[in-house]
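1. based on what follows, work out the 3D shape:
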Amino acid sequence: MRKPERLQKSLLHAYVWKRQTIEQLVEVTGKSHVWVKKQLDTAQSNERPLIPQTTPLSADVTFWGRGYGVIVFRSPTRKKNLWWKEIQFETPWIYKQGLDHLLKEGWNFTGVVIDGKRGIAQVFENAGIPVQYCQFHQIKTVTKYLTRKPKTEAGVELRSLTLTLTHTNEETFRLKLKAWYERHESFLQERSPAPHTKRGWEYTHKRVQSAYRSLTTNLCRLFTCQKYPELNLPNTTNCLDGMFSQIKNRLAVHRGLRRERRYKVICEILKGEEK
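-> Just a heads-up that it's a prediction; the model follows:
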């Protein structure tokens, strides 16, 4: 490797992994801001190809504001990111693109953990891959509808039941959810006048209904990890949540990055630090 290339890689490593700002790199090198930025933009990092093998998979997206995000496929057992891409919107098609790419490379997936967005489970199930919905995302969804402090007895009970997801089993949870519904069925059917609607009424407790519907819809995929313990599937996408937090923390040091340099930093983090 030529000396200029070594210097560029050294600067990029300091910028990404040692959280050195442009100002600090200018001070260290004695060069101008323009020169330092050019070196960072020109620097080429070594590709670190992985040998395709059998592994469980976690797949999720993180966003920076509206219209810019990154989708990542990660092996929770190997602790390696297998595929990622910049995106504007989270759609089933982008998950299919990543899955097709990795299958073509020779990867074999025992199962996948996802966050439960509509249509994404079918992408993997159509390829014969079992799907586990992230239990923490399900808790988050129910909390979004009910808040952390529900104002109704039905809401309090439903959120308390949802919080048991990570330490119960499907049969117990299903029975308790059924019992909850039977206790509160008449409450859920209560209506309020709504002259602005065609039918002239609406359900009074729509948010409690939505929380319940989310649980019943997703229940068949919330305990896949228990049904098939041999798959070694996690019950959450925590391995990706931690990765996304690391990316955002490192990017926070370099505010105001233009898109190309920001994605370069993201890629370096997702590849992993060279030892």
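
2. now the stretch 151-275 of the chain, which segments are flagged as low pLDDT?
-> In the prediction, the stretch 151-275 of the chain carries residues with pLDDT under 70 at positions 274-275.

3. where do the strands sit along it?
-> For the stretch 151-275 of the chain, the strands defined by DSSP state E, counting those that start in this stretch occupy 191-193, 201-203.

4. any idea which residue of the chain is furthest from its center?
-> G30 (40.8 Å; CA atoms, centre = their mean).

5. who touches L146 in this structure?
-> By CB atoms under 8 Å, 6 or more residues apart in numbering, L146 lies in contact with G155, L158, R159, R207, V208, A211. (Glycine included, C-beta is placed from N, CA and C.)

6. circling back to that earlier point, so which of the strands of the stretch 151-275 of the chain comes closest to G69?
-> In terms of CB to CB, the element of those nearest to G69 is strand 201-203, at 33.5 Å.

7. what pairs with that closest one, parallel or antiparallel?
-> Partner strands and pairing direction for strand 201-203 (DSSP bridges) are strand 191-193 (antiparallel).

8. so how far is the strand it pairs with off the chain centroid?
-> 38 Å (CA atoms, centre = their mean, to the nearest Å).

9. out of the contacts of L146, what pair is the most spread apart?
-> The widest separation within the contacts of L146 (CB to CB) is 11.3 Å, between R159 and R207.

10. what about those two, which has more around it?
-> A side-by-side neighbour count of R159 and R207, using other CB atoms under 10 Å, places R159 first with 20 against 15.

11. my read: R174 touches L219, true?
-> Yes: with contact taken as CB atoms under 8 Å, R174 and L219 are classed as touching, separated by 6.5 Å.

12. got the contact list for P4?
-> By CB under 8 Å, 6+ apart, P4 has no neighbours at all.

13. now with 10 Å, please.
-> Applying CB atoms under 10 Å, 6 or more residues apart in numbering, we find P4 in contact with Q39, T42, A43.

14. now do S32
-> V26, K38.

15. over to it: give its phi and psi.
-> phi -80, psi 170 (degrees, to the nearest 10).

16. nice, that's everything, thank you.
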